[in-house]
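Participant: below are the sequence and a predicted model for it; my questions follow.
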Amino acid sequence: MLAFGRGNSESPVKAPELENKLEAESGLLRSNGVSIRFGNYTKDISDADADADEFADAEADQKGFFLDAERIPPEGVPLGAYTPVYFEIGSISLKTESGEVIRLECPRLEEQLYDMRLFSRRGGIDLAAPCIGQNVLEQSVKGITELQIEGTPLQSRPLEVWVSWEGTEHIKNAIRTYAESHGGDISIEEIPKIDAKMTAYERSGQPMPDLVMVQSDYLPQLIGERAIQPMRTSRAHSNPAEPANHTEPVNYSNPADQTDQTDQADMADPEAGVSAFLNKGLEAFTLHEKLWALPFYVDTQLLVYNPEIIDPELFDAGRLTLQRFEEILEQVKERAEREGRSIVPASWNIFSAYWLVAFQYGFGKEALIQEDIHGDAYVSVMDGPTEKALRYLLDLRERGLLDPLERDGMTAKFIQGQVGAILTGSYALPYLKRLGVPFAAAPYPINGDTGAATAPLLDFKGFAVPRRSRNPVGARRLMDYLSSFEVQRYLPAQISKLPVERGALSLFSGDKEISAAAGVGEQNTEKDTYKETEKDTDKDTDKDLGKDAGKDTDKELGEEGDADFADASAAGFPESAALLENLETGVTVPPSPAYSVYKDVMWSMLRLIITGKIPLQEGLERAQGLMDSRLEDIKEKGVNE
Amino acid sequence: MKQISKIMRTKRSLRFKRSKNCRRLQKIKVMAIVFAAAVYLLAAVSCTTGGGASGSAIAPEGEAQEDGKTQEAAEAAEAPVKAADEEAERHAGTVSPDWEIALTGEVADSVSGASLYTDDGEIVHGEELVLMDKGTERTYRGVPLYRLLARVDGPAEQHPYSFDEERWKEGYEVTVTASDGYAAALLSSDYPYDDLLLALERDGAAVPPTLTGRELPADLRVKSVAALEILLGEAEAEAAEPRLTVETGGAAVALTQSELKQTPSYVEGIGGYTTSAGTYNEHRYGGAALYELLSTFGEPEQGGTLKVTSSDGYEMSYAMEDIADSDEGLWIIAFEQDGNFMTLDPGPFRIIKIQPDSQAEEMPIPNIDGHNSARMVSSISFSRKPLKDFTLNIEGKRSAEVNRSTLEAGINCSAHKTTVNYYNRKSGETEYYTGIPLYAVLAIGDDPDYEPHKQTDKSILAYDQGAAERGYSVTVIAADGFSITMDSRELHMNNQVILAMYQDGEELQGDAWPLKIVWDQDADPVPEGIKAVRQVETIQLQFDETD
């Protein structure tokens, strides 16, 4: 069972796990803690007036439990971990020590249960909730003694989740934790190519899963196949066109966009709020002005080098430039020749357009995907920046500074200590660590001539709900949990990714004030205490944040499992600084068919150019012709062709 | 609590006979997908709120009323607006019935909000349902869902629609999509068919069309319903997944894309082709290596022929010897293009020659003629009969040697493919020949500058109509030297005189091979001097010196 009770008030609320907790807690003194009750609507919320008698009225037929303040670790606990999963919440009433009753009626509270956190402070309990204040510093109600939720619990139905890419074991663990908290029947499948499988299932009419992991460039295909559905959520409300700035403070002002399947549409605040997520993450999953997935984590390209070959101090003289990078590579080459060692200064897969994009930007390209006067997306490679970027890379190769190798070959040479620097995705880091390969990471260089950054591609992964899901709301609640601060603060770091939830990202970006307010981060002086508390409460609570992290010992490249990342939630990981820099300068993998066309065409054309089978200019002309022709086809035939 | 009244209905079983109606089902499936996609994309592009789906998504159709009369199309077009105004006055609610719901199943249909009300403002087939909603008893009134699904749960029919109760109980998936894109699927057999209601009113006030039901959980009570889609089980699934028929040695097997992908013959690589207009196309393809695939049914003789047939009637033959030769690329039957399964055009299957990934370093990317890259392929068949090549010589203002595959492509192009009933005087019987109108072949030699299909500028016609109307001599010469001469004016736009390559659907045999001039027994005009010329080898165009 995923949730408790049924949709109608005739059915009693069933929460066996929570009832057990209540029973377990019953022997405790209730002098310091909060009574939490939850249940169905007992009356039309529009008729209800908040008063203290509500609690007395509701007590007779509602379930709940007492949460002792001592059970709450310093970093707090999410309210959602102690409640049923709700289809809809009309209100959350809070009674304070002074007897005052505060009623939260923010729209879509049901989506925010995992964003609401209970903190134990000076013997009392505070509730921090997105809809209370502008940010976590302002959003607490102090001294809560009683909390009551009124709404419609979600009916229990099975959920099927498809996951992919790196870190699936950690994702499975997080989902299992959720299932254990809520008694859910959740099956998790690991699917190598989710887009292909969904396409096949959609076409053949086979039952779809309820939640799938996607990357941004899946969207055109999946939308074209009518395989996924758009979503509206208070947690992601944002204007994707806003300039992205991951250091922007968490702002949970009244979320709008409430036209949903609940009856709260008339409660919507038309003023837009600020998303809980990075804008770039939302951009990655926005197409046709609609959001199709919630971001989960972001991976980016990194410059990784061997500190035994390249002195880290060489990277310390301010922001690295391409010109400085060349000098460093020259030094590596000269030294290797002098010492008679078989070392390649640098290597990466320049056959792939995925790695070319950064250099196109570095040589002055302003946008990879452009729009013509009709608003149709296109890509131009017949431009100065693209030509210069390619000539630069070919020149590096000619000078013996760059050995073009595909991923496996490049990684193998790096492990063997035969390469000074590589460009790789952060997915490779756990693998290198596990093997004990010496490495350090640096952000991508900027072009000293143009001042432009070589902008790495930001590869966002997220979760989408299939159009034919039989449990779409259950899927969204699970998605809310996975993208909440609760999970975001530890899980992405475990697999060398960056979180996409602003609060969690602030732990990495050094927003000390917010981090401290959240009770976590290096600034938290109670960090050690937290660890002790965590150990003590292992048996009692399943929500102790990544306690199983690092136990997995996957063997394949890209499969994480490094114990050093287990505590990543508190201190980030060593490479996070480089990742953050790249996050600032990076560009999102566009969810546009034009990107897929670009990637496919350049994939074959770059090989011809780099291997010298056709001259550079001719290759670009040919690529442009192919791309134009295929985009024209797409325009005529639809997104799939 | 009031109960939904029981409604008499006709029980029937409409087990769809796939073998009998497969073609029709596929056609309907395509229509249905297009129809539902319009709603999906509408939700994707413009998000309506509260007021329901935009009426512009799907043109309103004549809507059957309770009395069985069908409105005229013109009335139907105006009805929603008119009815919307009336309903706005009639109901205290603010929701106008100016909405439409797309219905997709075995057939495609739609229903408009206005059509669900009678002139008296009553809901057609209206039923009532009382249920608890957030602790409050609510009375919903609307149309039973099954009455809407009855329109699409079987072959196309007219009002009164019959609902397939048996099929509902067996269980099929119903996907409900709201105007804002929210969608949820349910299994029909999980709910009593008469428990689900498309509510149009709540406590007497109009609401957007909302799916509700006593046993329906809250998250499946979808508001502002814009589309209802049903997946009708096995027949639907089978029809939806494209199959390639492989015929060899007298046996035939139909394989799906996913089945082919699981065979050892599956391979990926890059392939290119150049259209007759000179446009080069290159993609990454995935598919089954043809020779290896055919080998799984027994070693194909290299002297044999592979014949490919497309769903649009296109046919192309390949020498098995060429298919087996992988020195310059691997012939595959592709079903993936750039990582995605191909859609109906150019897919679901396409013949292409690729550079396999495993040989990327050793082999250039193949670039074949577009006519050899048959698309929309539905079947491939192998025969031991060797493929015999031939050449047709065209001599005129421009001379050309037209090879077999080029001529075969031209004949099998749907714009040219022509079958005539030729009366054989000797046998006294009518024979059926298929080929290309002779005048279309003249286009190859009637102009020194423009070859057929070689112009990117579509306004340029390769066939010189003016010259044909002015008149020139057309001489057809057989391999044994026999010849006839005709006047171009009698051949101009004459589709009944053809250069035939097939008789009764089979390649010409014996002394008729490879090409034969024949004409329809009803041809008008029958060109003066025409005779049935077998073994055609050369066609000469002789112009006046002034032309």
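Facilitator: Thanks, I have it.
Participant: so where does the residue located most distally from the centre of chain A fall, helix or strand?
Facilitator: Going by CA atoms, centre = their mean, the residue of chain A most distant from its centre is A:R338, 46.1 Å out. Using DSSP states H and E, A:R338 sits within helix A:322-339.
Participant: who touches that helix?
Facilitator: Defining contact as CB atoms under 8 Å, 6 or more residues apart in numbering or on different chains, one finds that helix A:322-339 is touched by A:303, A:309-310, A:314-315, A:317, A:341-343, A:345-346, A:362, A:392, A:396, A:400-402, A:420-421, A:445-449, A:454. (Glycine included, C-beta is placed from N, CA and C.)
Participant: for the stretch 501-641 of chain A, what lies in contact range of chain B?
Facilitator: A:596, A:600-601, A:603-604, A:607, A:613, A:622, A:625-626, A:629-630, A:637, A:640-641 (CB under 8 Å from any CB of the partner chain).
Participant: rewinding a little: mind checking which of the contacts of helix A:322-339 are in strands?
Facilitator: Secondary structure from DSSP state E places A:L303, A:P345, A:A346, A:L402, A:G420, A:A421 of the contacts of helix A:322-339 in strands.
Participant: I'd assumed A:P345 was in contact with A:L402.
Facilitator: Yes. Contact criterion CB atoms under 8 Å: A:L402 and A:P345 qualify, at 7.1 Å.
Participant: more crowded one of the two?
Facilitator: A count of neighbours by other CB atoms under 10 Å in any protein chain shown puts A:P345 above the other of A:L402 and A:P345, at 27 against 23.
Participant: circling back to that earlier point, the residue farthest from the centre of chain A and chain B, how far apart?
Facilitator: A:R338 sits at a distance of 33 Å from chain B (criterion: CB to the nearest CB, to the nearest Å).
Participant: what do you get for A:P385?
Facilitator: Distance from A:P385 to chain B, by CB to the nearest CB: 24 Å.
Participant: buried residues, the helix or strand that residue falls within. List them.
Facilitator: Assigned by DSSP H and E, A:P385 belongs to helix A:384-398. Buried residues in helix A:384-398, counted by 16 or more other CB atoms under 10 Å in any protein chain shown: A:P385, A:T386, A:E387, A:K388, A:A389, A:L390, A:Y392, A:L393, A:L394, A:L396.
Participant: again, but for stretch A:79-90
Facilitator: Buried-residue list, stretch A:79-90, by 16+ other CB under 10 Å: A:L79, A:G80, A:A81, A:Y82, A:T83, A:P84, A:V85, A:Y86, A:F87, A:E88, A:I89, A:G90.
Participant: just those that are near chain B?
Facilitator: Answer for the buried residues of stretch A:79-90 near chain B (CB under 8 Å from any CB): A:F87, A:E88, A:G90.
Participant: mind checking which of these are in helices?
Facilitator: The members of these all map outside helices under DSSP state H.
Participant: ok, the residues you listed vs B:P160, which is closest?
Facilitator: Lowest distance from B:P160 to these (CB to CB) belongs to A:F87, with 37.1 Å.
Participant: my understanding was that that closest one contacts B:D219; is that so?
Facilitator: Yes. With contact defined as CB under 8 Å, A:F87 counts as touching B:D219 (5.2 Å).
Participant: now the helices for chain B?
Facilitator: Counting by DSSP H, chain B has these helices, from start to end: B:18-45, B:73-90, B:145-149, B:165-170, B:233-240, B:257-261, B:290-295, B:320-324, B:404-412, B:438-442, B:465-470, B:488-491.
Participant: which of these comes out lowest on mean pLDDT?
Facilitator: Mean pLDDT per stretch puts helix B:73-90 lowest among the helices of chain B, at a mean of 37.
Participant: so where's the stretch 1-150 of chain A uncertain?
Facilitator: Along the stretch 1-150 of chain A, the model assigns pLDDT under 70 to residues A:1-32, A:38-63, A:123, A:133-139.
Participant: one step back: make a ChimeraX selection of the buried ones in the contacts of helix A:322-339.
Facilitator: Applying 16+ other CB under 10 Å to the contacts of helix A:322-339 leaves a buried subset, and the ChimeraX line that selects it is:
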select /A:303,309,310,314,315,343,345,346,362,392,396,401,402,420,421,445,446,447,454
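Participant: how distant is stretch A:354-370 from the center of its chain?
Facilitator: 24 Å (CA atoms, centre = their mean, to the nearest Å).
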